[in-house]
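# sequence? don't have it. structure:
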């Protein structure tokens with residue numbers, strides 16, 4: 001999909017019979033909104049998607065939407081643009097949004113989401129005007145993208161949407177980590193170091209029996225859980241390529257009998273050449289993504305959307321968390337900047 005100029009179907013809203021092809025409606029419309037496939041009002045062609053209040057201002061909302069399937073969108077940036085025409089819209093106004101879902105989780109909540117709401121005011125009366133919104137730093141597990149044109153709560157007035165385009169571009173990756181598959185080394189893996197609290201209670205293994213690719217991986221094991229101790233593998237690199245931008249860490253993980261808090265991966269930013277004192281920025285899967293139990297190799301990622309401009313070092317951590325027993329293995333580590 002990289003470099004695609006248009007991913008949406010019927011983006012000009014012209015195709016359909018009783019209703020526009022592909023587009024669907026939702027929200028909490030009830031009897032409060034009229035959602036129409038308008039004829040004779042359009043930025044181009046003759047059709048547009050319309051929403052208006054039916055009974056005055058409502059605390060509910062309504063939307064037009066379209067979904068499409070994607071595969072491994074790591075490094076991709078999605079941009080949604082649409083032309084909007086407004087007639088006396090008052091209240092919270094309109095928004096356009098992009099949502100990303102991992103359908104295997106089936107949790108009802110978006111894994112990633114971006115919207116113009118709270119950032120760009122879309123209200124009042126105006127002729128056709130183009131608005132845009134971008135979504136980037138998507139996890140590899142995202143397999144569905146949905147775009148929304150939203151008529152927000154407390155609105156009155158009429159809104160028309162036309163000429164919608166969803167495009168995607170591929171970030172040129174900044175791959176600064178060394179020995180990313182843990183294959184290189186003598187008595188220990190090159191570039192990686194281990195640490196934590198209570199290191200003597202952990203088995204830090206440069207495993208030659210577990211690997212997602214190649215022959216090696218980085219392992220951490222512990223027989224008995226401790227609420228006070230943790231262990232990690234880490235690598236620190238220069239932050240020049242990431243300062244002022246973003247960073248995304250992707251790792252393949254396998255676990256065996258991992259019980260308790262489990263494992264995590266993390267990104268730390270410092271304004272010193274090595275980690276020192278409090279981090280200037282930090283992001284982790286801990287508390288957001290559960291990595292426990294026993295399972296085969298699976299890809300996990302964590303994103304830091306805003307790396308401070310004064311960043312001098314980036315440290316990535318592969319962590320066996322406190323209160324955890326069992327073993328975890330890490331392989332195919334990648335750090336991408338954008």
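Now that the structure is in, tell me what you want to look at. Bear in mind the structure is a predicted one, so any value in this text is a computation, not a measurement.

# what domains does the record give for this structure?
The record's domain parsing of the chain by automatic domain parsing lists 24-170, 193-337.

# What's the end-to-end length of the first one?
Here the two ends of domain 24-170 are set 28 Å apart, with distance taken as CA to CA, to the nearest Å.

# Kindly report the same for the shortest one.
Its start and end residues considered, domain 193-337 measures 22 Å (CA to CA).

# I'd like the average pLDDT over that domain.
Mean pLDDT, domain 193-337: 94.

# now do the first one
In this model, domain 24-170 has a mean pLDDT of 93.

# quick check, distance from that domain to the centre of its chain.
Domain 24-170 sits 18 Å away from the centroid of its parent chain (CA atoms, centre = their mean, to the nearest Å).

# Equivalent analysis for stretch 13-31, please.
27 Å.

# Quick check: buried residues in that stretch?
By neighbour count on 16 or more other CB atoms under 10 Å, the buried set for stretch 13-31 is 13-14, 20, 22-23, 25, 27, 29. From N, CA and C alone the C-beta is placed, and that goes for glycine too.

# Apart from its neighbours in sequence, what residue is nearest residue 121?
For residue 121, ignoring the flanking residues on the chain, the nearest one in space by CB to CB, 6 or more residues apart in numbering is residue 93 at 6.1 Å.

# Distance of the most centrally placed residue in the chain relative to residue 85?
Nearest to the geometric centre of the chain sits residue 138, at 3.3 Å (CA atoms, centre = their mean). To residue 85, residue 138 is 31 Å away according to CB to CB, to the nearest Å.

# Then residue 193?
The gap separating residue 193 from residue 85 is 59 Å, by CB to CB.

# More neighbours: which of these two?
Set residue 193 next to residue 85 and count neighbours by other CB atoms under 10 Å: residue 85 wins out with 21 against 12.

# May I see the buried residues of the host helix or strand of that one?
Per DSSP states H and E, residue 85 falls inside strand 76-90. Residues of strand 76-90 classed as buried under the neighbour-count rule (16+ other CB under 10 Å) are 76-78, 80-86, 89.

# hang on, the earlier thing: in strands only, show me the buried residues of stretch 13-31.
Of those, the ones assigned to strands by DSSP state E are 25, 27.
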